[in-house]
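> Prediction below, plus the sequence it came from.
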Amino acid sequence: MTREPLAVLFYVPAPDAYNAEFTPDSQSFIFYTRLLRVETWSIQGQTRTAVHEILMREPCLQSALSFDGKTLACLNAQRDLVLLNVASSTPILTKKQFWVPSFGEAIALMMRVLQPQEDLEEIKFIRMQFSPDDHYFLAGHSANHVAYDLMSRREVGLPGSIRDHVADGFTFLGPDRIVVIDSREPEKSPILRFPSGERLDQFRLARGLTLRAVAHGDYLLVGPLKDHPLGLMDLTSKQIPISFKRGMADVYDSVLVNERLNGEVALYPVGKKEPSATVTLPQARLGKLRAAAVSPDLEWIAISSRSRGALWNVSHNVRVQYVRGFQGAWFSRDNMLYADFPKLQETPRAVGTLPETGSEVRASYKLGDIVARQLGEFFLVTTPKDKNPRWNCDVEVRDIATNKPVWSRHFAHEVPSLSLNSAAGTVLLGWSLAEPGGHDELQSFPDVKSLASREDYLYELVDLHKGIASGKVLVKTNKRSIRLEGGGSDGDWVVLIATGNQILTFSLASGLERGHFFGTAPVVVASAGLLAVEKDAKELDLYDLDSQQLRRRFVFSDPIALKRMSDDGKRLLVLTASQTAYLLDTTAPN
């Protein structure tokens, strides 16, 4: 956007991107996505000038991109801290086992593993940041820290005034100034010269704050505060004169930019309550949804991004409610929406209900700090018995409407993959037979035990209400030529997802593989004998489960964001990234 006048200059569709940043010369901006695709765009030319796909063996638990877009910092799944050259994907620096998690951090990691829809930017396992001129990279956690000079390509020693406080919180105020939180005396937290460490000033902060420098001026953004997610500290008066109801704001000297509650972007003179200018952003394309649900009659859609959620009536083409973001959703038969609303400021995490009339969200019950994720009409609650987040755990399935337990089981070894079918009241458990838990579970099925090897997988369907297995499937991998990544079930069918966009179908009755398809995001409706598969981002294929023959093909002008089939398989609702909903007849001739 231009500042004078405040107006949109141009728009770049960037679903699932992390925060964009201006380059140090302000001539371009850069951003990267969750798939580690880095893009650089010229502001004057309004064109993309560079794009790089970073290739890594291990996924990043946390990452940061330099302001020039040339270096990526990654805390990987092995807990190593790695600096990489973006253009070549080659490592510049590797610090092995940099992050050693505490018990609380191990629980946070488990929540990320069990809740992949969780916003990846919400959890910060370590403190790390590039200096605004990209001269230095600084990171810290517990007793570990590292400072790296990107110009001379060498590590830099730090004085104790910086080294001892990096893990507690810091931010660069400029190329040669840094503010750190002194956890022992937070009321005397200093501003220091970087990297020499001389004390320039001090002021009152608090433990656990996140610090962020403003674009320009003697201010500091701090949060969360007691009643607001963000506040603006005046470094001259050392007070916080302004707090914000949204977590995004910035300042350039005497001008403040902020997001209003209605979604507008507004400019304010610092200290004034009325905006000097406002602008409405263009309607964005949908990226990866944090949560989504469709009512059984396909009349209602509820979707949520990282920060906002909404409820639509499909037939009347109207949005009836606009709410804060939620991380799970389900419609009951009477079209009541049950959603998992995460903690926001002082409002605790809770299950909220929203009737089809579109009245205000009502909190049904609080969830507290349990490790749980909503799967349709159920909550899947995992309680670890020790520090390992995927080992020796109690797993409980609760009814979303009543919060009462429906099924529970203790897993002494690894927790299997779990897929719930709300309508059928079943859970599909999946084990790798290379793991102790899978080996132990196999002993319950002597009819397939002799056929199994360590390279295979075992899937077991359990009736939640009876608590007994109603079927199982042994998946042979031919010496791990395929690797399974989860799946689901409906009726007699088990549908499994494998690497390479492969989809395998099995019959529970026979235990045999029945079909092999290529695509993503499968949806099976056993009553109609249909399998819906996304062939690519804009193409949806419907297959006959028995014959594996293609019944219908639908091609859309925009990528598919959400799909739901009616219980009888005769109607299909598709929502695309352009926020357009299609209601399709699956029985019509192709």
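Everything's here; your move. Residues are numbered from 1 along each chain as shown.

> Just list the residues touching Leu36, thanks.
The contact partners of Leu36, by CB atoms under 8 Å, 6 or more residues apart in numbering, come to 53-54, 56, 60, 63, 72. Quick note: C-beta positions are derived from backbone N, CA and C, even for glycine.

> Could you give me the ChimeraX selection string for whichever of those are buried?
Buried members of the contacts of Leu36, defined by 16 or more other CB atoms under 10 Å, are picked up in ChimeraX with:
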select :54,56,60,63,72
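
> Next, format the contacts of Leu36 as a markdown table and append pLDDT.
Listed next are these as a markdown table, based on pLDDT from 0 to 100:
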| residue | pLDDT |
| --- | --- |
| Glu53 | 95 |
| Ile54 | 95 |
| Met56 | 88 |
| Cys60 | 91 |
| Ser63 | 95 |
| Leu72 | 98 |
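
> Adding distance to Leu464, write the contacts of Leu36 out as a markdown table.
A markdown table is the format used below for the contacts of Leu36 (distance: CB to CB, whole Å):
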| residue | distance to Leu464 |
| --- | --- |
| Glu53 | 42 |
| Ile54 | 42 |
| Met56 | 38 |
| Cys60 | 35 |
| Ser63 | 38 |
| Leu72 | 43 |
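
> List just the nearest of the contacts of Leu36 to Ile181.
For these, the residue nearest Ile181 by CB to CB is Ser63; the value is 22.3 Å.

> tell me which element the closest one falls in.
Assigned by DSSP states H and E, Ser63 belongs to strand 60-65.

> What segments of the stretch 1-150 of the chain are helices?
For the stretch 1-150 of the chain, the helices defined by DSSP state H, counting those that start in this stretch cover 103-114.

> And the strands in it, which stretches?
Using DSSP state E, counting those that start in this stretch, the strands found in the stretch 1-150 of the chain span residues 21-22, 28-32, 37-42, 47-53, 60-65, 71-76, 81-85, 90-95, 127-130, 136-141, 144-149.

> For the shortest one, enumerate the helices and strands it packs against.
Spelled out, it's strand 21-22. strand 28-32 (3 or more CB pairs under 8 Å, 6 or more residues apart in numbering; DSSP states H and E).

> can you list contacts of the strand it packs on?
Outside strand 28-32, the residues that touch it by CB under 8 Å, 6+ apart are 14, 17-23, 38-43, 49, 54, 63, 65, 67-69, 72.

> Figure out how far stretch 168-181 is from the centre of its chain.
28 Å (CA atoms, centre = their mean, to the nearest Å).

> Oh, that last question was meant for stretch 12-25, not what I typed.
Using CA atoms, centre = their mean, the offset of stretch 12-25 from its chain centre is 17 Å.

> what sits up against that stretch?
By CB under 8 Å, 6+ apart, the surrounding residues in contact with stretch 12-25 are 28-35, 39-41, 48, 63, 65, 67-69, 121, 132-134, 284-288, 577.

> 7 Å instead, please
With contact meaning CB atoms under 7 Å, 6 or more residues apart in numbering, stretch 12-25 is reached by 29-34, 41, 67-68, 121, 132-134, 285-288, 577.

> Please pick the buried ones from those.
By 16+ other CB under 10 Å, those give 29-34, 41, 67-68, 132-134, 285-287, 577 as buried.

> wait, which of the residues you listed is closest to Met248?
The closest of the buried ones among the contacts of stretch 12-25, once distances to Met248 are taken by CB to CB, is Phe31, at 14.8 Å.

> Ignoring the adjacent residues along the chain, who's closest to that closest one?
Ala20 (4.0 Å; CB to CB, 6 or more residues apart in numbering).
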